[in-house]
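A.B. asks: Sequence first, predicted model second:
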Amino acid sequence: MPEPPGGHAPRPLRALAWLWFLLAGTIAATAYIVLPQNQLTNWIFPAVNSSGAIAAIIGLSRNRPRNRSAWTMLAAALTMSALGDIIFAGYDLFRTEPPFPSVADVLYIAAHLVAAAAVVRLSHHAGRDSMLEAGVLTVPLALQYWIHIIGPTLHDGGTGLAVLVAVGTPVGTLIVLFGALRAGLSMEMRKVPARLLVAGMVAWFVPDAYYATASLNGTYVGGGWMDFGWMLFPLLLGAAALHPQMPQLNVPLHVSTNILSVRRYLVVIAGVLTLDGYAVVTADGQTRLVAIAVLVSAALAAIRIRRPLRDMGRRATQDALTGLPNRTELLRRLTFALAELPADGSSKVALLFCDLDRFKDVNDSLGHEAGDRMLVTIADRIVASVRDDRDIVARLGGDEFVILMPGATEADTEVVAERLVTTFTEPIVINGTELYPSVSVGVRTTDDYQADPAELLRDADAAMYRAKSGGRGRAERFDDAYAAEASARLRLDTELRHALANGELLCVYHPEIDIVTGRLYALEALVRWQHPERGLLGPDEFVPHAETHGIVGQLFEQVLDQVLAAQDEWLDRFGWRPPVAVNVSPRQLSDQRLVPIVLAALEAHDAPASALILEVTETALVDDAIMTGTLADLRRHGVAVAVDDFGTGYSSVSRLADRHWDALKIDRSFVAGITEDAAREGVVNAMIALAHALRLRAIAEGVEDEATLAKLRELGCDAAQGYLFTRPVGAAEISRMIEMSPEWNADPAAEIAVVA
């Protein structure tokens, strides 16, 4: 049995206080009906009703519900109704005929209004389906009330005020009953207090309705069944307030897909059939025959639809392979688990997102039938890993399972998560093959009843992927820091897409200088983001995100267009196009659209292929398809290719020998310190020699002083790039530098021609 909010099992006497109260009150109410009416027994009636108000106040104080305002109003309604009963008992005590309407009637009407406000407050998050189902029950009830009560009352009643009070009181009760049904059905009557609440409202409405006629025609006699119904009302509501589940009586804030289950359907249809049966009993003549026909047809329709409804409900809420709840049912149950969270944060709702590691290998090697058998076995293992029947195991699809743990603590989730990642190491034998499955688990907990179920599931999924990236076969917890990172990534993605659409990306250029002649060898284009709030951002802050989120291609196209547009201006102004190197992501090299995009851009600007150099990182060398496909195709069209950051990757020298390159850029981490460190000098010297042996140009990055430049000249390096010459600057500053450097103003195309 799960622990209640508060983390400790309640003392048996306190936990059953609601039941003892209900039994004692029912015995007292029965005694009032059975015993002869006298001055003593007449006070049982107000005493029982007052006990309901007192119980509601005690329950409100003890259980501290989250919807405190609704329960406060219910306690107030019970108190006003009890005061009305005391006033009537006073009339009996002094043998005085009460006026109609009296002060007690005013209190009764006020009690109805306050109770109506309470159930509205209690059910204001209830969904449309619950409203329709509550209407299905209350509309025929209202019709019966009109036919048998209001009609005769209006025909045979007394003064207008008396009729208004007599009719208005049960109408108010009917409204309260509708609200209580709406709240109870939205919570699917899952908790005992919900059932007690609805039963109490029914017990209130029925005697109220019949009292309207009896009070006007003088047929009401104390000590009858109507008095018993009036006493059941406060007893049932008082018991609901005392029940330990009372704080969990909350309508879910997030309405999930409502599946009309067989149980829910039977509750609604039973109410309708009961009302039809009442019509049969109370009607006469031909009207009774019509009522019987309606009752029989309604009963047959209810029986006919029961089985198809059960089958549809099973398909809509269960996974066909494992029989576990599916995503729809998981989210529905998660909404209730959140609604039932205690206000003091003493327990949480936990989601454990489980994904099998390398399950695709099983399907690919053994077939999907074997994969399905493995999934069924895995489902059984997960079910065996949770806390008895408190936790819900669902299958979302494929090899993804989720465990919902209502009323959990952090320690509970740790135990279950550890059990999952350890028990899955036991082998599974399928078709004679021994398999050793493992699972990655993402854990998400919350004590926020307002949390969005879909977002919680997404967070658990994100934590699971972090577990996979961290080595698989392990559990990771979604924490606030990770949430902040996820939010920042989402914001960055949105802002970067807007930047691409609004032209916020710009290029700066870093010259590469020929060490021997001093001429401009090329310009490297570096992208920057002019962020509207954060200012100018370097590529490290957004290019990796663009690569992982599939928009680096758009970024490349914008950079390429800006580069060629700048070359157009330099051509018009100086009569030549300085070659420009543009960085290409390894992810783009596997895109078949890259070559057509580059060639189309060159054609649009009427630029020769020699005006462009594409720089790729050393990691691109490991893929044969890229080397013999994309890069070879680019070079066949005359576009030069340079290996960037050489020495920092993991390529082999044999890859360089394949001759798909034109230049080798030595990373700044090797160049720094070559004037003082003989070992570094030797490494750079070897790189330069390797480049020349392969007939590639050697370009050194990170040159920041004359001594380093002199050493590179001594080692035979071809070109240098670094802050010694300038920092990356805009196209306008490059134009000024070209004007001030006549030695640059020469066509270096012959120096960078593609080697055949």
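C.D. replies: Done, it's in.
A.B. asks: what are the ranges of the strands in the stretch 301-450 of the chain?
C.D. replies: Along the stretch 301-450 of the chain, the stretches classed as strands by DSSP state E, counting those that start in this stretch are 348-356, 392-397, 400-408, 428-430, 433-435, 439-446.
A.B. asks: close enough to count as contact, residue 464 and residue 357?
C.D. replies: No. Counting by Cβ atoms under 8 Å, residue 464 does not reach residue 357; the two are 10.6 Å apart. In this view, the C-beta of every residue, glycine as well, is placed from N, C-alpha and C.
A.B. asks: Between these two, which contacts overlap?
C.D. replies: Common neighbours of residue 464 and residue 357 (criterion: Cβ atoms under 8 Å, 6 or more residues apart in numbering): residue 440.
A.B. asks: who has more neighbours, these two?
C.D. replies: Shown here are residue 464 and residue 357; by other Cβ atoms under 10 Å, residue 464 has more neighbours (25 against 19).
A.B. asks: Leaving out the residues flanking it, which one is nearest to that one?
C.D. replies: In space, residue 464 comes closest to residue 442 once its chain neighbours are excluded; the distance is 3.0 Å by Cβ to Cβ, 6 or more residues apart in numbering.
A.B. asks: got it, and residue 98?
C.D. replies: residue 91 is the one closest to residue 98 (Cβ to Cβ, 6+ apart), at 4.4 Å.
A.B. asks: Show me which positions of the helix or strand residue 687 falls within end up buried.
C.D. replies: Using DSSP states H and E, residue 687 sits in helix 678-693. Residues of helix 678-693 classed as buried: 680, 681, 683, 684, 685, 687, 688, 690, 691 (neighbour count, 16 or more other Cβ atoms under 10 Å).
A.B. asks: need these in CSV with pLDDT and distance to residue 578, can you?
C.D. replies: As requested, these are arranged in CSV below (pLDDT from 0 to 100; distance: Cβ to Cβ, whole Å):
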residue, pLDDT, distance to residue 578
680, 89, 31
681, 92, 31
683, 91, 31
684, 92, 26
685, 93, 29
687, 90, 26
688, 93, 24
690, 88, 28
691, 89, 22
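A.B. asks: circling back to that earlier point, please report the distance of the residue nearest to residue 98 from residue 78.
C.D. replies: 21 Å (Cβ to Cβ, to the nearest Å).
A.B. asks: Between those two, which has more neighbouring residues?
C.D. replies: With neighbours defined as other Cβ under 10 Å, residue 91 and residue 78 compare such that residue 78 has more, 29 against 14.
A.B. asks: gap between the nearest residue to that one once chain neighbours are set aside and residue 31?
C.D. replies: Residue nearest to residue 78 in three dimensions, not counting chain neighbours: residue 53, with 3.9 Å by Cβ to Cβ, 6+ apart. Residue 53 sits 20 Å away from residue 31, going by Cβ to Cβ.
A.B. asks: The two: which is more packed in?
C.D. replies: Higher neighbour count among residue 53 and residue 31: residue 53, with 23 against 12, using other Cβ under 10 Å.
A.B. asks: Show the contacting residues for the residue nearest the centre of the chain.
C.D. replies: The chain has residue 455 as the residue nearest its centroid, 1.6 Å off, counting by Cα atoms, centre = their mean. For residue 455, the contact set (Cβ under 8 Å, 6+ apart) is empty.
A.B. asks: so is it in a helix, a strand, or just coil?
C.D. replies: Secondary structure, DSSP: H, G, I helix; E, B strand; the rest coil: residue 455 is helix.
A.B. asks: Could you check the pLDDT of it?
C.D. replies: We note a pLDDT of 87 for residue 455 in this prediction.
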